[in-house]
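Visitor: predicted structure and sequence below. I'll ask about it afterward.
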Amino acid sequence: MTRPAGLALLAVPALTVGATAAAQESRDADPQAEGADQQLQSPLALTDEAALGDAIDFEADQLSYDSEADTVTARGNVILRSADNSVRADEVVWDRGTGQIMASGNIRFVDDGGNQLYTETLELTDEFEAGAMNDLLLALRAGGRLAARSGARGDDGTIVLTDAAYTACAVSDEEGCAKDPSWRITANRVTFDPEANQVRFKGAMLELFGARILPLPGLSLRTDGSAVSGFLVPNVRISEVNGLELSGEYYWRLADNKDLTLGATVFTEVAPMVNAQWRHLTDKGAYQITGYATASARVSDFTGVPTSETDPRGYLFANGTFQFTPEWSLTGSVRLASDRTFLRRYDLSRDDRLRSTINLERIDDDSYLSLAGWATQTLRINAEQGQIPVALPAFDYRHNIDDPLLGGQIQLQANTLALIRNDGQDTQRAFAGAKWDLRRLTGLGQVVTLTGLVRGDVYHTDNTLATQTDIYRGNEGWTTRGIATAALDIEWPFVGETFGGTQVLTPRVQFVASPSIKNLDVPNEDARAIDLEDSNLFALNRFPGYDRVEDGVRMTYGLDWSLTKPDWRIKTNIGQSYRLDNERTIFPDGTGLSDKFSDFVGRTEVRWRDYVQFTHRFRLDKDNIAVRRNEIDATIGSQRTYLEVGYLRLNRDIQEVEDLQDREEFRAAARVAIGPHWSAFGSGVFNLTGADEDPTFAPDGFEPIRTRLGVAYSDDCIEFGLTWRRDFITAGDAERGNTFQLFFALRNLGFR
């Protein structure tokens, strides 16, 4: 068993008693105490501190020395200190002849690691090492408590505890009354090695709510909070396609900066699967490599009649970040799957694409440089991998300088991108540009921003006919274009008090002008999913990427309003744009930007304490106020009892562009607390798209995608529960069906 845990140190370095004593109160109370104190000084002065080690400073209400027995006795609030170690007790007796130190009464021993020992009697040597003790309790700095009936030091320096119990649960309630822990580990014998900072259990048994349920052979814990090698608690799951699943892992702690986890999963319906994870922290950064491997039947033909074959299957995931200097860093990741359904079938991921990336960056106060590349593996059943591009290289450099003439800020930018496809269009792009911003506050309180942008682009394309959508192709061969944009943005905030709070009303108007741009002469690789919304209403370019640039002359106007008061915050905005020229834009019909007047877009946010969070985003048709976008996200409740609702409907009526299909979906999640520890939870995702919105797949208007129900128990040290999930979509051999999973987690023991 593994995962970080700790145990109080029961020994300290070799120590001797120095000549410090707080005995003034005793002398004042007893005339004979002065003589006793004088007798005390003589033997202490003979102590050879250089030979015996560090001195022990101590304090006490009373101090006496028995010359006949050669013992020193300290009584009342006794405190012994040496370096970071200390002992508090009601009484401490030091036998100078034998070197034995006996502490008694309300003992609290604190080691240099912050772990605490509580007991009634504790035997120490003159080197301040713990000997025998009874009825002890160890409060661990790393969390958890270890109690034992007795303890003693072995000849090899280890501490041996008998009839011990360990738990990370609280043993008292909020009123201070004792309570039974939810779980504990009992053991016949516990051995602590102070040199290795490790505790080993013999005969360990896990007790859950007082019931002995699981033996834990080989259990060991670290006192310094670091992990140790050992087996992890297995996971149990039942799924429709794989049957009963039982998985287990072994954690191998190779060093403080590297570890290896080896695992295996057995199934009743398919062949076993193995997995491994390697993690390494270096002086320059960290990286990890995770892999899964098995052999099973899969659907090999996604377009015709499914056929099955048994092939090796697996998944590789690796990522890391390295910081070479304060400015230079390297980040990378690799995600590869053997086929399109492996991750979903074995419930490892729901992603529909896997991206592998590498990025070399340099960042300082004034500039940013990135040299990157990426490749994407599609996991969509009907997608063609040959149409998915590989980007190498992708270069971007930006440098900010202060305008020496007019003021403001100038940003210089250079960018290149090369996209390569096996069965599609290849594109290479390079551009260089400059952007100037000047922001000023007028005497009337208006915020005025002037912006100027110039850019020159060079494109080269091959095999343009492989792109099905005409407006995405561009011209074959080399193409150049120039871009120039000027903008004036004015905001005028008004602040006042209302409804017991502070409101801010901000009208805003923006003018943007750009000459005609050769948009359709170049390919469109990064600006396809265009849609007017509140986030891009005042953007200089409403297209999301660099390949398409909005030209012409337009005016955009809107209104922001916010109200802030105790426990409440409300924000809302609405806006529209108007094109001053008569030229038809390149925006497809239905995006809200194709006519002179755009649609209305807005957003409303409402928050009350931490109990209510509501966000609504919308787009209204300018002609008939029809709702073209309706998006709602709401959360109501506390952390233990809450309801989350999400709804999205895109009613844009765009048929000719595959990136802008309409859809409607609903998702919900809820958790209900049952008493202080139990809860029930559930969630669901539903496709509400009708055939009139997406004729390609002919949906029926209500199609559950995935639902989940479960029950869980949780307190300060344990969490467990049962979850039922149903998938309604079959993707190859990742078939629809039910999945049941039991989860279990213990604090400080690493149980998942």
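Guide: Sure thing, it's come through.
Visitor: wait, doesn't Gln100 sit right on Ala132?
Guide: No. When contacts are counted by Cβ atoms under 8 Å, Gln100 is not listed as touching Ala132 (10.4 Å). The C-beta positions use only the backbone N, C-alpha and C, and glycine is treated the same way.
Visitor: what do those two both touch?
Guide: The contact sets of Gln100 and Ala132 overlap at Glu123 (Cβ atoms under 8 Å, 6 or more residues apart in numbering).
Visitor: ranges for the strands of the stretch 151-300 of the chain?
Guide: Secondary structure of the stretch 151-300 of the chain (DSSP state E, counting those that start in this stretch): strands at 159-167, 183-193, 198-202, 205-208, 211-215, 220-222, 230-231, 235-239, 243-255, 258-267, 273-281, 285-299.
Visitor: quick one: distance of the second one to the chain centre.
Guide: Meaning strand 183-193. The chain centre lies 33 Å from the centre of strand 183-193; the measure is Cα atoms, centre = their mean, to the nearest Å.
Visitor: list the buried residues for that strand?
Guide: Trp183, Arg184, Ile185, Thr186, Ala187, Val190, Thr191, Phe192, Asp193 (16 or more other Cβ atoms under 10 Å).
Visitor: got the contact list for the fifth one?
Guide: Shown here is Ala187, whose contacts under the criterion Cβ under 8 Å, 6+ apart are Ala164, Ala165, Tyr166, Phe201, Lys202, Gly203, Ala204, Met205, Leu219.
Visitor: what about the second one, how many neighbours?
Guide: Using other Cβ atoms under 10 Å as the criterion, Ala165 is surrounded by 19 other residues.
Visitor: and what of the fifth one?
Guide: Lys202 has 14 neighbours, counted by other Cβ under 10 Å.
Visitor: how confident was the prediction at it?
Guide: We have a pLDDT of 91 for Lys202.
Visitor: and for the last one?
Guide: As predicted, Leu219 sits at a pLDDT of 81.
Visitor: from Lys202, how far out is it?
Guide: 9 Å (Cβ to Cβ, to the nearest Å).
Visitor: if we can go back for a sec, closest one of the contacts of Ala187 to Trp328?
Guide: Leu219 (44.6 Å; Cβ to Cβ).
Visitor: and for the closest one, the neighbour number?
Guide: 25.
Visitor: need phi/psi at it.
Guide: Leu219 has phi and psi values of phi -70, psi 130 when expressed as degrees, to the nearest 10.
Visitor: ok, now Pro515?
Guide: With angles defined as degrees, to the nearest 10, Pro515 sits at phi -70, psi 170.
Visitor: surely it is in contact with Ala484?
Guide: Yes. Contact criterion Cβ under 8 Å: Pro515 and Ala484 qualify, at 6.1 Å.
Visitor: so which of those two has more stuff around it?
Guide: Neighbours were counted for Pro515 and for Ala484 using other Cβ under 10 Å; Ala484 has more, 16 against 11.
Visitor: give the bridge partners for the more buried one, please.
Guide: Val454 (DSSP bridges).
Visitor: please apply the same query to the one 5 residues further on.
Guide: Assessed by DSSP bridges, Asp489 has beta-bridge partners Thr449, Gln510.
Visitor: circling back to that earlier point, as a markdown table, the contacts of Ala187 with distance to Ala276 would be great.
Guide: Shown next, in a markdown table, are these (distance: Cβ to Cβ, whole Å):
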| residue | distance to Ala276 |
| --- | --- |
| Ala164 | 34 |
| Ala165 | 35 |
| Tyr166 | 30 |
| Phe201 | 27 |
| Lys202 | 30 |
| Gly203 | 31 |
| Ala204 | 27 |
| Met205 | 30 |
| Leu219 | 23 |
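Visitor: show me which of those residues is closest to Phe324.
Guide: Leu219 (41.4 Å).
Visitor: ok, that closest one touching Leu232?
Guide: No. Judged on Cβ under 8 Å, Leu219 makes no contact with Leu232 at a distance of 11.8 Å.
Visitor: where in the stretch 251-400 of the chain is pLDDT low?
Guide: Residue ranges of the stretch 251-400 of the chain with pLDDT under 70: 299-309.
Visitor: with that, I have no additional questions.
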